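Undergrad: give me a model of this one.
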Amino acid sequence: MNSRSLGGSALAAIILAASALALPAAQAAPAPDNGPVGWDAYRRLDRLPQLNPARTGQFSSFGRDGSNTGDGFSGEYSCLRKDDTGCVLAERSGPGEVASIWFTQGAGGREGDVSATGWIRVELDGHTVVQRSLQELVDGREGAPFVHPLVANADQSSGGVYVKVPMPYRESMRITVQHNPNFYHVAYRDFASADGVRAFDRSDRAEDVLATLRASGTRDPKPPVPDAKTATRTVRVPAGGRVQLAQLTGPGTINALRLRLPAYDNSLRLRLTFDGKTTVDSPVGEFFGSGLGQAGVRSLMFAMDGPWHTTWWPMPYRSSALLELVNPGKAVTVTSEVTSAPRAWTESSGHFTTQSRAGRTEDGRDWTIADAGGRGKLVGVTQTMRGLESTGHFREYLEGDERVHVDSSPSPSWHGTGTEDFYEGGWYFHRQEFSAPLNGNTLHQKETAGCPRECDSVYRLLLSDAIGYSSALRFGIEHGPSNTFDADYASTAYLYTRPEPASRRTDVLDAGDAASRAAHGWTETGGTQSELTAQFEGDDNDVPVRDDVRTSTGPVSFRIAVTPDSRGVVLRRTSDQSVPARAEVLVDGTPVGTWHQPLYNSTSRWLEDSFTLPATDKAQLTVTLRPSGPWTAARYAVESLGEPVADTSAPATPQVTLTGTRARSLGLAWKPGTDDVGVDGYRVHGSRSASVPITPQTLLGTSRTTSFRHAALTVGSTWHYRVVAVDAAGNASAPSAVVSATVKQALASDVDGDGRADVTTFTRGDTADVFVARSDGSRFVGTSAKWHDDFAVGGEIPLTGDFDGDGRADVATFTRGRSAKVFVSLSDGSRFVQDAWQWHGFFAADDEIPLVGDFNGDGRDDIVTFTRGDRGDVYVALSTGSSFAGTSEKWHDHFAVGVETPAVGDVNGDGRDDIVTFTGGAVYAAMSTGSSFAGDGIRWHANLPGRPSLGDVDGDGRADAVTFNGGKVIVARSTGFDFGAATVWHERFAVGDEVPGVADFTGDGRADIVTFTRGGAGDVYVATSTGAGFAGDGVKWHDQFALGTELPRPSI
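TA: Numbering: from 1, shown residues only. Next comes the predicted model:
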């Protein structure tokens, strides 16, 4: 880390500000080149290697709540907003370009027919350039340039429709449709400057571009090079060997490469080395567009035509280029044609690069398509998917969304709605295989050699919508709707790269820290501060992050340090996106544009967005923001764009603290790391040894945010942790100091977080009151206090659990029936605060049995529902801390059948709750894997009659079986593999129609038993566990609680 990089401390800010003021003035750097703009994205493909600071983003209908149904099926997030102009899909201020528009709908069984969307209107710089029926537009009825293949309907793009006409603008853009479109995405580019940007000219029919696209796969799409030469060679590549195809000296460029193969061969690898560095090492089949087998591929930049495989990616080099084939398989004879030409090398050029990966998908983790440091841009992807699931929909891997993170931002700049949607088809490629200039589903196979279930090979080129980055790129895609679909994946990403970053982090302002604000000369009108615990969108939407947020209703001003020769300054803001925001931006008193953030997310509320300030010759700028409504910020980071320089400095050491309840899991948190470019991630090491050696064996995982949860831990175990910050260049900080903690038992009814279970009663019906009596270890204290006055109405089913992981039990209610909604109110330690937040839109329908448990061991309680009857399905929705995610995933398809009684508890002590079903005799269990309940139900006991429950009565970290049968209380303790012998732990308890329950009311780590007499008496009795029995004849802990027919918790 160099001396110009800082965190939130006042000292660092003051040092940086002082050094910035001492820097001499320099000439203002010229505005950066935006690269090919508009039609030049297709007319000047020879300039594709040029790297520039233009930034690409995406608007889409992805599910803000992290669910699969929320990403277009419901249409809930398919409009940024609705007003009298229609449904607004995309809106930007400043210079830029609309690069790609895609839709699909499925109304009335007509998959891909978008007639129901009505008209689409595209406004650029305040002028309408397109307004027409969307279906007519994609059918080509608008006329050139809006004809195929620059537009496509569902027949031409296999279930999706798109518009690929690049439409530049100098000041603003807005895209609106008449009606909710369900599924859509809009890719756009932001330019650092309007210099040289000509607004879209509707009169340019771009016939030359159309002709080039229509000839895709048959000829080089780049402008002709008069001095190009082709060298032809036939070689035999031995088994296990490699052969050189060409060795070239530069400066120059490879314009085309053709290989003639006797048969399709994806084991053969193409290896390209430019200027001494190997940047391409990819399987030949996938590199040319099909990773499953021989296919007819006719894309703009590569093709397969019989035995010939051709690519036209421009590949510049400064001094040398080496082309090789590497053969791990059988010997093969190959004919190659390499076309090259002299070309001057420029420092703005990137080397052609691929990243190829292959392997098994991992539960809970995106498949990585690209992960790069330095600067560059992504220009295409080829992907191969082989589904391995033996039940359900064999092609469900296509439900996975893409997420693209640029320059180490925790917020994705792209967040899509599905895999086939990213490849701009629809409905699992409804019209089957196709190959188009910019996208294709080249092969779809079912149960063939090399395809055990269903398989797909797909590609997409990103030309006008190339994804540029200045310091880091991370591109992942889900496998299935919730990253749990088992599959073999392979992918090849096509990029242009250079190892040196083009940005430097020159300042950081912690808006929640008074000293940092003072050091930056912060002034504001109407400022307030609050704490926010929420998630970022994308792959980390289950990782809560806590920070202080500053909210201003009037002008905000502050100083920032920049490099005096910058070609632009990117001001990054971490904020609360629960509402959209807009502000006029001034630099040293001069207006420079409008910072417009039209997004909103009430679930994953953290967002990092950015605004690009003009090039400057100054070392310090004063930024003033004039918001039109509430403007929030937790942090501003300043990145100065300038001459690329190798990054050799390590980040600062993180300062780590423990967070959360330590129930079943341990949480860590730290402030964002400081680095001269930016921290890309954090390696978390953990060990039972206090020294925590930094080795691969102690690496628990990598966090892209500033928190980490070590889940599914054994109660009573002690863990020690150290964290290492890493930047995109691979530079690692020194390890943090060791922090340690011991895992505690989870308590689903401890409403105040004191480690003792409390009791809650629900009146339901019309009154819908909720009363609480808290345990002091020997009784439930005081007259019951009303904690809510409108929760669990009518015949709803209320349950308690710690749904946000703060250590205090909250309440959830299930409406069941046809509506099947789930509402939650969170505890603040003295009441249930919210007026019933909807955490799920459809769960536990009809007469299903809902229960609560922590099934992935992350310290937050989730929900499960049992259909019982003949189906015996079990569905789970995991808590994100602010909602129950997803459509509910089936975790078991044959459990708790008929009228069996299901229960939830961690019976094997691995930190994850399992499911148990009691038949009235035999007892069966299925263990949680964190993403399913494994096995077809294993018998854990031969005969346990009575009303059943689960609880850790002996404090060994495993839930035991407890049944109440005719006044006797029977316990069968868990061994981790079954329930042992049943023994009587109490001779007379919970008699008649009393309502019993199990929980640790004393806080000693052992579950006790409680019984509620209800009726007019409302007495509550407790017998505490000794570890070998329940002591006493039942001690009265309350004499007026859960009256009449109220429903108390905890209870069976």
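
Undergrad: give me the below-cutoff pLDDT ranges for this structure.
TA: Applying pLDDT under 70 to the chain flags the ranges 1-32, 69-70, 107-108, 886-887.

Undergrad: ranges for the helices of it?
TA: Here the chain has its helices, by DSSP state H, at 10-22, 40-43, 134-138, 207-214, 284-287, 419-422, 514-519.

Undergrad: for those, give me JSON lines that also has mean neighbour count and distance to Arg236.
TA: Quick note: C-beta positions are derived from backbone N, CA and C, even for glycine. Below are these laid out as JSON lines (neighbours: other Cβ atoms under 10 Å; distance: least, Cβ to Cβ, whole Å):
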{"stretch": "helix 10-22", "mean neighbour count": "16", "distance to Arg236": "62"}
{"stretch": "helix 40-43", "mean neighbour count": "20", "distance to Arg236": "39"}
{"stretch": "helix 134-138", "mean neighbour count": "23", "distance to Arg236": "49"}
{"stretch": "helix 207-214", "mean neighbour count": "15", "distance to Arg236": "36"}
{"stretch": "helix 284-287", "mean neighbour count": "25", "distance to Arg236": "16"}
{"stretch": "helix 419-422", "mean neighbour count": "27", "distance to Arg236": "39"}
{"stretch": "helix 514-519", "mean neighbour count": "18", "distance to Arg236": "66"}
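
Undergrad: could you report the neighbour count for Gly765?
TA: 15 (other Cβ atoms under 10 Å).

Undergrad: next, count neighbours for the nearest residue to it once chain neighbours are set aside.
TA: Leaving aside its sequence neighbours, Gly765 sits nearest to Gly794 (Cβ to Cβ, 6 or more residues apart in numbering; 6.6 Å). By other Cβ under 10 Å, 11 other residues sit near Gly794.

Undergrad: for Gly794, what are its contacts?
TA: Residues near Gly794 by Cβ atoms under 8 Å, 6 or more residues apart in numbering: 764-766, 768.

Undergrad: likewise Gly57?
TA: Gly57 neighbours (Cβ under 8 Å, 6+ apart): 187-190, 413-414.

Undergrad: with distance to Gly75 added, can I get the helices of the chain in CSV?
TA: Shown next, in CSV, are these (distance: least, Cβ to Cβ, whole Å):
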stretch, distance to Gly75
helix 10-22, 46
helix 40-43, 32
helix 134-138, 15
helix 207-214, 32
helix 284-287, 36
helix 419-422, 15
helix 514-519, 42
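
Undergrad: which stretch among these comes nearest Val1022?
TA: With respect to Val1022, and counting by Cβ to Cβ, the nearest of the helices of the chain is helix 514-519 at 48.3 Å.

Undergrad: thought Glu97 was touching Gly38?
TA: Yes: using Cβ atoms under 8 Å, Glu97 is in contact with Gly38, at 6.9 Å.

Undergrad: who has more neighbours, these two?
TA: Higher neighbour count among Glu97 and Gly38: Glu97, with 27 against 20, using other Cβ under 10 Å.

Undergrad: beta-bridge partners for the more buried one, please?
TA: Pro168, Arg189 (DSSP bridges).

Undergrad: list the contacts of it.
TA: 37-38, 166-169, 188-189, 191, 464.

Undergrad: one more pass at 6 Å, please.
TA: 166, 168, 189 (Cβ atoms under 6 Å, 6 or more residues apart in numbering).

Undergrad: contact partners for the residue nearest to Ser928 when sequence neighbours are not counted?
TA: Once flanking residues are discounted, Ser928 sits nearest to Arg912: 4.1 Å by Cβ to Cβ, 6+ apart. Taking Cβ under 6 Å, 6+ apart, we find Arg912 in contact with 712, 855, 857, 928, 930.

Undergrad: could you do Gln577 as well?
TA: Applying Cβ under 6 Å, 6+ apart, the residues contacting Gln577 are 599-601, 605, 607.

Undergrad: make CSV out of those residues and add distance to Gln535 and neighbour count.
TA: As requested, the contacts of Gln577 are exported to CSV (distance: Cβ to Cβ, whole Å; neighbours: other Cβ atoms under 10 Å):
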residue, distance to Gln535, neighbour count
Leu599, 15, 18
Tyr600, 15, 16
Asn601, 9, 22
Arg605, 7, 23
Leu607, 11, 23
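
Undergrad: those residues: which two are farthest apart?
TA: Leu599 and Arg605 (10.8 Å).

Undergrad: and Glu399, how far is that from Ala490?
TA: In this view, Glu399 and Ala490 are 19 Å apart by Cβ to Cβ, to the nearest Å.

Undergrad: re earlier: would you reformat the contacts of Gln577 as TSV and include distance to Pro181?
TA: Shown next, in TSV, are the contacts of Gln577 (distance: Cβ to Cβ, whole Å):
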residue	distance to Pro181
Leu599	17
Tyr600	18
Asn601	19
Arg605	25
Leu607	23
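
Undergrad: so which of these belong to strands?
TA: Those of the contacts of Gln577 mapping onto strands are Leu607, per DSSP state E.

Undergrad: and which of the contacts of Gln577 is nearest Phe843?
TA: Asn601 (20.8 Å).

Undergrad: who are the contact partners of the closest one?
TA: 64, 577.

Undergrad: please apply the same query to Asp913.
TA: 853-855, 904-906.

Undergrad: strands - which of those residues land there?
TA: 853, 904-905.

Undergrad: what is the neighbour count of Ser67?
TA: The burial count for Ser67: 26, using other Cβ under 10 Å.

Undergrad: typo on my end, it should be Gly140
TA: Neighbour tally, Gly140, other Cβ under 10 Å: 17.

Undergrad: same check, this time on Ala239
TA: Neighbour tally, Ala239, other Cβ under 10 Å: 10.
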